[in-house]
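Colleague: sharing a model that was predicted from the sequence below.
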Amino acid sequence: MVSESASDSLIIAGQAFSSRLLMGTGKFSSPAVMAAALEASGSELVTVALRRVDLHDPNDSVLAALDCSRYRLLPNTSGARNAREAVRLAQLARAAGGHTWIKLEVTPDPDHLLPDPIETLEAARILVAEGFTVLPYINADPVLARRLEDVGCATVMPLGAPIGTSRGLKTRDQIALIIAQARVPVVVDAGLGLPSHAAEAMELGASAVLVNTAVAVAEDPQRMARAFRLGVEAGRQGFLAGAAPENPRAQASSPLTGFLRDSP
Amino acid sequence: MTQTVVIQVNGEQLSVPANGTLQELMDHLGVPRSGTAVEVEGQIVSEALFARTPLREGLAIEIVRMVGGG
């Protein structure tokens, strides 16, 4: 019998996480709202960005509300338009807090924010060589995912839909291919808008999902964070349980004998 | 009158004392050290070197830190 024990950990680069929900920290209405939502999400791995200090308000920090003993911070390279800028941001993140885990994202076009596969692969190569643990955000491209694994990335993070769109798992078939071939955790990142989207990704066999906008801009972020937590858990259990096969035609669940009627 | 130099910090022109250091600039701006990284002319400067980094005319400095993000 398969138990629901804590042994079903998410392992990234040798580190175990009991939660399979990664959370972003952007767009929350206040640090307190963010802290409450993170708590409700159960997440242990949360993304942050790197930006210029506001010289007129240098102490303004949304992250002051973040208990760094409870969460591993995963700085991203958002804003990078090419490999060079992404590497620079990763190095600054390491200088700012000793963070060697990096969510690599290279998005040259602010209109669609889709990742540049060539620059991402180039940056991944450099960052792995510099000792970073690299978690690249990519389009749902199985060929690129394999190439990133081959250069030593710790995960691959294909998008479900473009960042912030809340449109769900539009790339479902390609993500299934990535999961089928992957030797590293597959984290579905971006575009998930509902707990059912997260459940769908997990049912498909994703190792984890990363959510930000869907929680941060919900009317009740704390409740939505809890809903995503449950969605991820439900989807994971559904995957582990082994789904019934689909059938093209109806198949009765009840016995087809002993009806209270005469034979036809 | 103290001599000054003009430097560029996070894209803004700042006039600072000519014999100042990066340490004094960070103190003057009130930037917390924790969770902050500093680049001078594109090179990361560790906190240990702030006091030994002089501010020269035209120097470009970037001061960044963690913010909320996805």
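Modeller: Done, it's in.
Colleague: which residue sits closest to the closest residue to chain A within chain B, ignoring its sequence neighbours?
Modeller: With Cβ to the nearest Cβ as the measure, B:Gly69 is the residue of chain B nearest to chain A, at 2.5 Å. Quick note: C-beta positions are derived from backbone N, CA and C, even for glycine. The shortest distance from B:Gly69 to any non-neighbouring residue, by Cβ to Cβ, 6 or more residues apart in numbering or on different chains, is to A:Ala49 (2.5 Å).
Colleague: now B:Ala18
Modeller: B:Ala18 sits nearest to B:Gln3 (Cβ to Cβ, 6+ apart), 4.0 Å away.
Colleague: quick one: the one you found from A:Gly258, how far?
Modeller: 103 Å (Cβ to Cβ, to the nearest Å).
Colleague: can you give me the helices for chain A?
Modeller: A:31-41, A:83-97, A:117-129, A:142-150, A:172-181, A:195-203, A:213-216, A:221-241 (DSSP state H).
Colleague: one more: chain B?
Modeller: Using DSSP H, helices in chain B cover B:22-29.
Colleague: low-confidence regions, the chain specifically.
Modeller: Assuming you mean chain A. Residues of chain A that meet the criterion pLDDT under 70 lie in A:1-6, A:60-62, A:263-264.
Colleague: think we crossed wires, I meant chain B
Modeller: Looking at chain B by pLDDT under 70, you get B:1.
Colleague: what does the lengthiest strand in chain B contact?
Modeller: In chain B, ranked by residue count with DSSP state E as the criterion, the top strand is strand B:60-68. With Cβ atoms under 8 Å, 6 or more residues apart in numbering or on different chains as the test, strand B:60-68 has contacts from A:24-28, A:34, A:48-53, A:55, A:61-63, A:73, A:75, A:92-93, A:96-97, B:7-10, B:22, B:25-26, B:29, B:31-32, B:35-42.
Colleague: returning to what we had before: hmm, A:Pro75 and the residue nearest to B:Gly69 touching each other?
Modeller: Yes: in this structure A:Ala49 lies within contact range of A:Pro75 using Cβ atoms under 8 Å: 7.2 Å.
Colleague: coming back round to it: show me what the residue nearest to B:Gly69 is bridged to.
Modeller: With DSSP bridges as the criterion, A:Ala49 is bridged to B:Val67.
Colleague: same deal with B:Pro54?
Modeller: Bridge pairing for B:Pro54 - DSSP bridges - gives B:Thr21.
Colleague: wait, it touches B:Gly20, no?
Modeller: Yes: judged on Cβ under 8 Å, B:Pro54 makes contact with B:Gly20 at a distance of 7.4 Å.
Colleague: so who does the closest residue to chain B within the stretch 1-150 of chain A touch?
Modeller: Going by Cβ to the nearest Cβ, chain B is nearest to A:Ala49 of the stretch 1-150 of chain A, at 2.5 Å. When contacts are counted by Cβ under 8 Å, 6+ apart, A:Ala49 is found next to A:26, A:75-76, A:78-79, B:66-70.
Colleague: up against chain A, what does chain B have?
Modeller: Residues of chain B lying close to chain A (Cβ under 8 Å from any Cβ of the partner chain) are B:9-12, B:29-32, B:34-39, B:44, B:46, B:62-70.
Colleague: what about A:Leu260, distance to A:Thr100?
Modeller: 70 Å.
Colleague: check which residues of stretch A:142-162 are buried.
Modeller: A:142, A:144-145, A:147-149, A:151, A:153-162 (16 or more other Cβ atoms under 10 Å in any protein chain shown).
Colleague: got the CA coordinates for stretch B:52-70 in PDB?
Modeller: Taking Å, rounded to 0.1, in the frame of the first residue of the first chain, the C-alpha atoms of stretch B:52-70 are listed here in PDB:
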ATOM      1  CA  ARG B  52      38.800  51.200   0.400                       C
ATOM      2  CA  THR B  53      36.800  52.200  -2.700                       C
ATOM      3  CA  PRO B  54      37.300  55.900  -3.400                       C
ATOM      4  CA  LEU B  55      34.600  57.900  -5.300                       C
ATOM      5  CA  ARG B  56      36.100  59.500  -8.400                       C
ATOM      6  CA  GLU B  57      34.500  61.900 -10.900                       C
ATOM      7  CA  GLY B  58      32.100  60.200 -13.300                       C
ATOM      8  CA  LEU B  59      32.100  56.800 -11.400                       C
ATOM      9  CA  ALA B  60      29.000  54.700 -12.200                       C
ATOM     10  CA  ILE B  61      27.600  52.800  -9.300                       C
ATOM     11  CA  GLU B  62      24.700  50.400  -9.100                       C
ATOM     12  CA  ILE B  63      23.200  49.500  -5.800                       C
ATOM     13  CA  VAL B  64      20.600  46.600  -6.000                       C
ATOM     14  CA  ARG B  65      18.700  44.500  -3.600                       C
ATOM     15  CA  MET B  66      16.000  41.800  -3.400                       C
ATOM     16  CA  VAL B  67      12.500  42.800  -4.100                       C
ATOM     17  CA  GLY B  68       9.300  40.800  -4.500                       C
ATOM     18  CA  GLY B  69       9.200  38.900  -7.800                       C
ATOM     19  CA  GLY B  70       8.000  35.800  -9.500                       C
END
